[in-house]
Each structure stands twice: as structure tokens, then as C-alpha cells.
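Engineer: Model the following, please.
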Amino acid sequence: MKIHKGDTVKVILGKDADKLGKVEKVYSKTDKVLVEGVNQYKRHIKARMQGQKSEIVTITKPLPVTNVALLCPKCKQPTRVGIKTLKDSKVRVCKKCKHEFA
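Structural biologist: Numbers count the residues shown, from 1 in each chain. Prediction:
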């Protein structure tokens, strides 16, 4: 997967389109990413025991990787990512400005 934990991404599809956020977690088996502050929903939690309060909790749900685009730190634009192979390692490369990611 070309998006890693800690990357800044822009949501390009869905109810939160054009929002920016940092990737908190990557689910590689289901091709989803958890972006902080994006795709939030309210969940009503019922009291289980006597004395416990019922409450409304805000949860963040994962987004499909196809709905987000990586932001290049150099050109500050959403971009596609290429892979450049060096002698013994692979490096991600911005398709617009050819900047290499760490």
C-alpha cells in the first residue's frame, strides 16, 4: 500500500470531500485508512449496569484508500505516488514534482 501511517492526506470522495487529515492507522487487508477528524459518526451507547449513564459517543470510521489522495510535502498538492527502486530499498515518489518521500 502506498499510503503509510503519519502521512497527510486529502479526502477526494464522500461526505468529507476536500478535508485534510493525518493517517492514524492503515488496514492493509481491507484497503482502508483511518484519518483523524474525518468520517466521524455518533453512536448511542445504552447503560449496561444500574448507575451507569447512557451517552452519545463520536467514533471515527475508516475510509477506503481509493477515496483519499496523498499530499506531497513539497508541492502541497494531492498527488499519485510512484515507486523508485534504489540499490537495496524502495522510495515513494510524487508524480507531480518528483519529490522523494522519506
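Engineer: Flag the shaky bits of the protein, pLDDT-wise.
Structural biologist: 102 (pLDDT under 70).
Engineer: How is it divided into domains?
Structural biologist: 1-71, 72-102 (automatic domain parsing).
Engineer: how close does residue 81 get to residue 10?
Structural biologist: Residue 81 sits at a distance of 13 Å from residue 10 (criterion: CB to CB, to the nearest Å). (C-beta placed from N, C-alpha, C; glycine too.)
Engineer: Centre of the chain to the edge, which residue is at the far end?
Structural biologist: residue 50 (38.7 Å; CA atoms, centre = their mean).
Engineer: quick one, phi psi at it?
Structural biologist: With angles defined as degrees, to the nearest 10, residue 50 sits at phi -70, psi 130.
Engineer: Repeat that for residue 66.
Structural biologist: phi -70, psi -10.
Engineer: neighbours around it, how many?
Structural biologist: Residue 66: 10 surrounding residues under other CB atoms under 10 Å.
Engineer: What distance do you get for it to residue 45?
Structural biologist: For residue 66, the distance to residue 45 - CB to CB - is 31 Å.
Engineer: what's the distance between the longest strand along the chain and the middle of its chain?
Structural biologist: The longest strand of the chain (DSSP state E) is strand 20-27. Counting by CA atoms, centre = their mean, to the nearest Å, strand 20-27 is centred 3 Å from the centre of its parent chain.
Engineer: helix or strand right after it?
Structural biologist: strand 32-35 (DSSP states H and E).
Engineer: just the CA coordinates of that next one, formatted as CSV?
Structural biologist: Taking Å, rounded to 0.1, in the frame of the first residue of the first chain, the C-alpha atoms of strand 32-35 are listed here in CSV:
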residue,chain,number,x,y,z
LYS,A,32,-8.8,1.2,4.4
VAL,A,33,-7.2,4.0,6.3
LEU,A,34,-8.3,5.8,9.5
VAL,A,35,-7.9,9.6,9.1
